[in-house]
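>>> Structure, please.
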Amino acid sequence: MARRTKKQWKDMSAGGRAGVVIMGAFDLALKILAWRDLARRPAEQVRGPKFVWFLGTFVNTFGPIGYFLFGRKRPEIPPTHH
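The predicted structure follows:
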C-alpha cells in the first residue's frame, strides 16, 4: 500500500493555491463575523454560554456556521393586529 504524503505549496497548481487562499479567507471572515456578533449580542439572545460558542468557532469552518445556525436565538416578533 502506497503511503500518501501531503502536497507541498510549491507542488500545487495555481488553481489549487487560489482555492486554498479563497477557502482560508472565507473561513477567517466567518470567524470574524461570528466573534463580532458574539461580542455585540446580549447573552439572553445566545443559546448557551457565549464563551462556549466562542471556543466553538475555532472548529474548522463548521464552528462559525453552527453558531449562526443554532447558537443565536431568533428575536420574537410580536403579533400584529389588523
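
>>> ok, residue 46 to residue 61 distance?
20 Å (C-beta to C-beta, to the nearest Å). Quick note: C-beta positions are derived from backbone N, CA and C, even for glycine.

>>> Now do the strands in the chain.
Assigned by DSSP state E, the chain shows no strands.

>>> middle-most residue in it, spatially?
Closest to where the C-alpha atoms of the chain average out (C-alpha atoms, centre = their mean) is residue 64, at 2.3 Å.

>>> That one contacts residue 30, correct?
Yes - using C-beta atoms under 8 Å, residue 64 is in contact with residue 30, at 4.0 Å.

>>> which residues in the chain form helices?
Taking DSSP state H to define them, one finds helices in the chain at 14-40, 50-56, 62-66.

>>> gap between the residue nearest to the centre of the chain and residue 32?
Computed with C-beta to C-beta, the distance linking residue 64 and residue 32 is 9 Å.

>>> With residue 67 instead?
Using C-beta to C-beta, one gets 12 Å for the distance from residue 67 to residue 32.

>>> between those two, who's got more neighbours?
Neighbours were counted for residue 67 and for residue 32 using other C-beta atoms under 10 Å; residue 67 has more, 26 against 12.

>>> give me every residue that touches that one.
34, 37, 38, 53, 56, 57 (C-beta atoms under 8 Å, 6 or more residues apart in numbering).

>>> how about those residues, which pair is most distant?
37 and 56 (12.9 Å; C-beta to C-beta).

>>> What are the phi and psi values at residue 78?
Geometry field for residue 78 lists phi and psi as phi -70, psi 150, criterion degrees, to the nearest 10.
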